[in-house]
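A.B. asks: quick one, what's the 3D model for this:
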Amino acid sequence: MKPVAALLLLGGNVGDRARILRRAVEALRRVEGVRAVKTSRFYETAPVGPSEDPYLNLAVAMDTTRSPMGLLIEAKILEAAAGRAAGPRWTARPLDVDVIAYGTARVRTPWLTVPHPLTAERAFALAPLDDVAPAWKPDGKRTVRQLLTALNPGADVVRNWP
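C.D. replies: Prediction:
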């Protein structure tokens, strides 16, 4: 199978966030059929949902011979290795890994939707994606950079983490 360009978004708001994200990226680089091409800077963002603790996020652009579901399985393995337990959506967690894009594929299953349907509306996703894929069009019309500029996130919404 010819490699496909894919985008993942990683984030977490429990524990040593930077260490957990770095370990997840290192683990991704060891997955057969995955080659991490580029990693964004860290971005600290306000939580979505009931959690009060800020998230640390980063994006990974990669080439992969894994299928979209294969990437989802690897994402769930990474989350479990970081100590994430099953629970309600949008709660505090050490690691959350989302498959954001898989080439030009459109995937819609009960477990995975690609491209991720809310990417174009979320500054916490767009800011790190701007580092690795600024020309990608999450909504099929506007680039990551155009969408991020339109959202105009303030310093309290998305901050480049030290």
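A.B. asks: model confidence for Lys2, exactly?
C.D. replies: In this model, Lys2 is scored at 91, pLDDT.
A.B. asks: for Ile73, see how far away it is.
C.D. replies: Separation of Lys2 from Ile73 (C-beta to C-beta, to the nearest Å): 20 Å. C-betas here are computed from N, CA, C, even on glycine.
A.B. asks: of these two, who's got more company?
C.D. replies: Using other C-beta atoms under 10 Å as the criterion, Lys2 and Ile73 rank with Ile73 on top: 14 against 6.
A.B. asks: the more buried one and Ser67: what is the separation?
C.D. replies: 9 Å.
A.B. asks: cool, and Leu7?
C.D. replies: 15 Å.
A.B. asks: ok, these two, which is more surrounded?
C.D. replies: Taking other C-beta under 10 Å, Leu7 and Ser67 do not tie; Leu7 has more neighbours (27 against 15).
A.B. asks: quick check: that one touching Thr64?
C.D. replies: No: in this structure Leu7 lies outside contact range of Thr64 using C-beta atoms under 8 Å: 10.5 Å.
A.B. asks: phi, psi of the residue lying closest to Pro115 once chain neighbours are set aside?
C.D. replies: Leaving out its chain neighbours, the residue that sits closest to Pro115 by C-beta to C-beta, 6 or more residues apart in numbering is Ala101, at 4.9 Å. For Ala101, the backbone dihedrals (degrees, to the nearest 10) come out as phi -150, psi 150.
A.B. asks: same question for the one 3 residues further on.
C.D. replies: Note on Thr104: backbone dihedrals following degrees, to the nearest 10 are phi -100, psi 10.
A.B. asks: enumerate every residue touching it.
C.D. replies: Contact analysis of Thr104 by C-beta atoms under 8 Å, 6 or more residues apart in numbering lists nothing.
A.B. asks: for Asp139, same thing?
C.D. replies: Counting by C-beta under 8 Å, 6+ apart, Asp139 has contacts 120, 147.
A.B. asks: let me know the secondary structure of it.
C.D. replies: coil (DSSP: H, G, I helix; E, B strand; the rest coil).
A.B. asks: distance of it relative to Ala86?
C.D. replies: 30 Å.
A.B. asks: which residues does the residue positioned nearest the centre of the chain form beta bridges with?
C.D. replies: Taking C-alpha atoms, centre = their mean, the centroid of the chain lies closest to Leu9, which sits 0.6 Å from it. With beta bridges defined as DSSP bridges, Leu9 has these partners: Ala59, Asp98.
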